[in-house]
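Asks: Let's see this in three dimensions:
(one chain, ligands or ions: 2)
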Amino acid sequence: MHTRLLSPDDQGLAIACDWLLQGDVIAMPTETVYGLAGDARNPAAVARIYEAKGRPSFNPLIVHLPDRAAAEKVGHFDGKAQALAEAFWPGALTLVVPLRDDAGIASLVTAGLDTVALRVPAHPVAHALLERFGGALAAPSANPSGRISPTMAGHVADPETGLGGRIPAVVDAGACPVGVESTIVGWLDGRPALLRPGGVSAEDIEAILGEPLLRPELDPDAPNAPGQLTSHYAPRESLRLNATDRAPDEVLIGFGDIEGDMTLSASGNLIEAAARLFDLLRQADALGRPIAVATVPERGLGAAINDRLRRAAAPR
Ligand code: TXA
Ligand code: MG
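Replies: Numbering: from 1, shown residues only. Ligands and ions are numbered 1, 2, ... in the order given. So this is what the prediction gives:
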């Protein structure tokens, strides 16, 4: 695949929007870093984001919206969240708030959590693209997993260290003015907490809140940090991996040749499997029976799928 650099004008944004509407992923500038954007309502598009990044696990993604009104259709904002949105949006602040039941966001975006990370970016090109697209865009930083975040279109398009050849397009708006990711604020037992330092200072946030932020000693990107443990999707009953058949009371989630009561992908397609993963785990869990899951190959998105399944199966 050839990665095109698109100009940030009407013509470039029209092409970018076409890719997004057909479920593909493209890189877009934001004021913090370049993001790898896909339609947050389309599970296959979200799976492509993880695939392009080569992410070994499904960390929940930030959902980007054109304005506060759109954000309030996706998450519930209490008084403090409203005050922070009022003060810092559009801008380099991400708020992790309870997900609305009718949000319509693919479960892969939130990794099955009942909270969602929301941001209204201040970059005029990101804003224009969001307005034109007319929906929510899930976007992690547009770097391969484990590499540093890109602040120039050329970083993204580089075939060696970036995503060149893996995505159809990058909207090129030059250097990102902030250059570090957004600050992430969430709530722990009802108290505002700094989940990731970033483009908006903690002091400025505390000045609006009138109280100190909790500072959990965690790195949201570290797999073993407490933040990751809370995102660990644990079904109520046990989960058995590498199943080839079902025990009498089990519900079997199939893959490829293993049919099951439901299937991640009958054709063995890993993008389809990733897109369905959290919905199927939820559906299986709702049946209140132990869950068995067929073997998913470790290649491509399979590594991320297996990472989640192993966490869900871990003794607790
Ligand atoms: O500046 C930014 O925030 C950039 C630009 C593109 O907007 N995006 C970005 O996304 O840095 P990403 O995926 O690299 O970082 C998302 C972070 C992850 O560390 C994830 O754990 C956290 O947000 N996150 C997302 N949803 C969450 C949730 N529901 N609860 C806790 N943490 C969440
Ligand atoms: Mg990142």
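Asks: Going by C-alpha atoms from here, please, whenever you check contacts or count neighbours.
Replies: Noted.
Asks: pretty sure Leu209 contacts Gly79?
Replies: No - when contacts are counted by CA atoms under 8 Å, Leu209 is not listed as touching Gly79 (9.9 Å).
Asks: who has more neighbours, the two?
Replies: Counted by other CA atoms under 10 Å, Leu209 and Gly79 do not tie: Leu209 has more neighbours, with 16 against 9.
Asks: So what does that one have for phi and psi?
Replies: Phi and psi for Leu209, reported as degrees, to the nearest 10, are phi -70, psi -30.
Asks: Let me see the contact set for it.
Replies: Lys80, Ala83, Leu84 (CA atoms under 8 Å, 6 or more residues apart in numbering).
Asks: can you pull the pLDDT of it?
Replies: Note on Leu209: pLDDT of 98.
Asks: any idea how far it lies from Pro216?
Replies: Using CA to CA, to the nearest Å, Leu209 is found at 17 Å from Pro216.
Asks: Going by neighbour count, list what's buried in stretch 297-313.
Replies: Buried residues in stretch 297-313, counted by 16 or more other CA atoms under 10 Å: 300-309, 311-313.
Asks: If we ignore the residues flanking it in sequence, what's nearest the most centrally placed residue in the chain?
Replies: By CA atoms, centre = their mean, the mean C-alpha position of the chain lies nearest to Leu61, the distance being 1.9 Å. In space, Leu61 comes closest to Val109 once its chain neighbours are excluded; the distance is 5.3 Å by CA to CA, 6 or more residues apart in numbering.
Asks: do the same with Thr295
Replies: Asn242 (4.2 Å).
Asks: Can you classify that neighbour as helix, strand or coil?
Replies: coil (DSSP: H, G, I helix; E, B strand; the rest coil).
Asks: Check the gap between the closest residue to Pro177 other than its chain neighbours and ligand 1 for me.
Replies: Nearest residue to Pro177 in three dimensions, chain neighbours excluded: Glu31, at 5.3 Å (CA to CA, 6+ apart). Distance, Glu31 to ligand 1, using CA to the nearest ligand atom, to the nearest Å: 8 Å.
Asks: surely Glu31 meets Pro90?
Replies: No - the pair Glu31 / Pro90 is not scored as a contact, 9.9 Å apart, by CA under 8 Å.
Asks: Who has more neighbours out of the two?
Replies: More crowded of Glu31 and Pro90, by other CA under 10 Å: Glu31, with 25 against 19.
Asks: got the contact list for the more buried one?
Replies: Gly91, Ala92, Pro121, Ala122, His123, Cys176, Pro177, Val178, Gly179.
Asks: low pLDDT regions in the chain?
Replies: Where the chain drops to pLDDT under 70, the residues are 217-233.
Asks: Most distant residue from the centre of it?
Replies: Pro248 (36.0 Å).
Asks: domain parsing for the chain?
Replies: Per automatic domain parsing, the structural domains of the chain span 4-186, 239-313.
Asks: which of the ones you listed sits most buried?
Replies: Highest mean neighbour count among the domains of the chain (mean count of other CA atoms under 10 Å): domain 4-186, with a mean of 21.
Asks: follow-up on the earlier one: give me the common contacts of Glu31 and Pro90.
Replies: Both Glu31 and Pro90 are in contact with Pro121, Ala122, where contact means CA under 8 Å, 6+ apart.
Asks: follow-up on the earlier one: quick check, the residue nearest to Thr295 in contact with Val293.
Replies: Yes - look at Asn242 against Val293 with CA under 8 Å: they come within range, at 6.0 Å.
Asks: And the contacts of the top helix by length along the chain?
Replies: In the chain, ranked by residue count with DSSP state H as the criterion, the top helix is helix 270-286. For helix 270-286, the surrounding residues in contact (CA under 8 Å, 6+ apart) are 43-44, 46-48, 51, 106-108, 111-112, 235-237, 251, 253, 255, 262, 264-265, 291, 300-302, 305.
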